[in-house]
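Participant: with the input below, show me the fold.
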Amino acid sequence: MGEANIGIFDSGVGGLSVLRAIREQLPGLPLVYVADQAHVPYGPRPLEEVRSFADGITRYLLAGRAKVVVVACNAASAAALYTLRQAFPQVPFVGMEPAVKPAAERTRSGVVGVLATPATFQGALYASVVERFAQGVTVLQHTCPGLVSQIEAGHLQSSQTRAILEDALQPMLAKGIDTVVLGCTHYPFVIPLIQEIVGPAVRVVDPAPAVARQVGRVLAGLSADLLGSAPAKASPVRYATSADPAQLQDLLPLLVGEQAPVRHVQWKDGALV
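Facilitator: The predicted structure is shown next:
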């Protein structure tokens, strides 16, 4: 079954932004990454459907000796993090939470923009974060329809990708935002394009480094022998996808700067095999 590892999953390539941050902060840890590209994007799907995918992928990762599971997908975190923790009480989960709190604390204009998918905005987690931490702050939202698909295709600088972002950001800029919160793990891959559109006066909040720090805190609380002593040299990541492996393989050099083999896994009766 291989060595004990940290399991990471997303509907597609978005979670690679989190994987990238974990590798930067915690080099040498064995990682397994699952992209459920057969079902990407999760954002527009019903919450119950996303929960079933998250449950199946978690079971797959645990069977592969994951000791920590990172739900590197805002839509899956919003839909399923609570139910996953109930179903697997012995497993430490790290999920995504829209970084509204730091944005609300640091905004000067009092106007913050959030880019996320419908599932994130519909979830109780997002509503709770806004209610607790954004009192007195205007929070503008946009779902950026089509952006996840553009990033999945590797179109990080295309005219269509720019048009989607301009449609989301220009009205926010007109209302005085000084901070943009990225509420989808796919979106950090278009930060250069976002910064071109919003200009240097607007701060763009990428949640991935904070998630990597939380993974470090979780690991510090586990017994030292669970993952073994991390080697000084980075362990290769084991990648898997529920779609065509070539699709993910072709994007790895662009998104994480490496070439690696990708396994094909498939859904059968609600399980990933």
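Participant: please put the alpha-carbon coordinates of stretch 136-155 into PDB.
Facilitator: Extracted C-alpha coordinates of stretch 136-155, given in PDB (Å, rounded to 0.1, in the frame of the first residue of the first chain):
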ATOM      1  CA  GLY A 136     -19.200  46.600   9.000                       C
ATOM      2  CA  VAL A 137     -17.400  45.500   5.800                       C
ATOM      3  CA  THR A 138     -19.100  45.400   2.400                       C
ATOM      4  CA  VAL A 139     -18.400  41.900   0.800                       C
ATOM      5  CA  LEU A 140     -19.000  41.700  -2.900                       C
ATOM      6  CA  GLN A 141     -19.300  38.200  -4.500                       C
ATOM      7  CA  HIS A 142     -18.800  36.700  -8.000                       C
ATOM      8  CA  THR A 143     -18.900  33.100  -9.200                       C
ATOM      9  CA  CYS A 144     -16.700  33.600 -12.300                       C
ATOM     10  CA  PRO A 145     -18.600  31.200 -14.500                       C
ATOM     11  CA  GLY A 146     -16.300  29.200 -16.800                       C
ATOM     12  CA  LEU A 147     -13.100  30.200 -15.000                       C
ATOM     13  CA  VAL A 148     -12.400  26.700 -13.500                       C
ATOM     14  CA  SER A 149     -12.800  25.200 -17.000                       C
ATOM     15  CA  GLN A 150     -10.300  27.600 -18.400                       C
ATOM     16  CA  ILE A 151      -7.800  26.800 -15.800                       C
ATOM     17  CA  GLU A 152      -8.400  23.000 -16.200                       C
ATOM     18  CA  ALA A 153      -7.500  23.500 -19.900                       C
ATOM     19  CA  GLY A 154      -4.300  25.400 -19.000                       C
ATOM     20  CA  HIS A 155      -5.600  28.700 -20.400                       C
END
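Participant: name the residues of it that come out as buried.
Facilitator: Judged by neighbour count (16 or more other C-beta atoms under 10 Å), stretch 136-155 contains these buried residues: 137-144, 147-152, 154. Any C-beta I mention is one placed from the backbone N, CA and C, and that applies to glycine too.
Participant: what of stretch 80-94?
Facilitator: Buried residues in stretch 80-94 (16+ other C-beta under 10 Å): Ala80, Leu81, Tyr82, Leu84, Val91, Pro92, Phe93, Val94.
Participant: next one: the third one from Gly123, what distance?
Facilitator: Just to be clear, that refers to Tyr82. In this view, Tyr82 and Gly123 are 9 Å apart by C-beta to C-beta, to the nearest Å.
Participant: same deal with the first one?
Facilitator: Remark: distance between Ala80 and Gly123 (C-beta to C-beta) = 10 Å.
Participant: spit out the residues that contact those two alike.
Facilitator: Listed as contacting both Ala80 and Gly123 by C-beta atoms under 8 Å, 6 or more residues apart in numbering are Leu47.
Participant: re earlier: which of the buried residues of stretch 136-155 fall in helices?
Facilitator: Leu147, Val148, Ser149, Gln150, Ile151, Glu152 (DSSP state H).
Participant: Pro245: which of the residues you listed is nearest?
Facilitator: Distance to Pro245 across those (C-beta to C-beta) is lowest for Glu152, with 14.2 Å.
Participant: ok, now how distant is the nearest residue to the closest one once chain neighbours are set aside from His39?
Facilitator: The shortest distance from Glu152 to any non-neighbouring residue, by C-beta to C-beta, 6 or more residues apart in numbering, is to Gly12 (5.0 Å). The gap separating Gly12 from His39 is 9 Å, by C-beta to C-beta.
Participant: so what's Val34 up against?
Facilitator: With contacts defined as C-beta under 8 Å, 6+ apart, the neighbours of Val34 are Gly7, Ile8, Phe9, Asp10, Ile57, Tyr60, Leu61, Ala240, Thr241, Ser242, Val265, Leu272.
Participant: one more time with 7 Å, if that's ok
Facilitator: Residues near Val34 by C-beta atoms under 7 Å, 6 or more residues apart in numbering: Phe9, Ile57, Tyr60, Leu61, Ala240.
Participant: just checking, Arg108 touches Asp178?
Facilitator: Yes. Counting by C-beta atoms under 7 Å, Asp178 is a contact partner of Arg108 at 5.5 Å.
Participant: ok so, going back, so which of the buried residues of stretch 80-94 sit within strands?
Facilitator: Residues of these located in strands (DSSP state E): Phe93, Val94.
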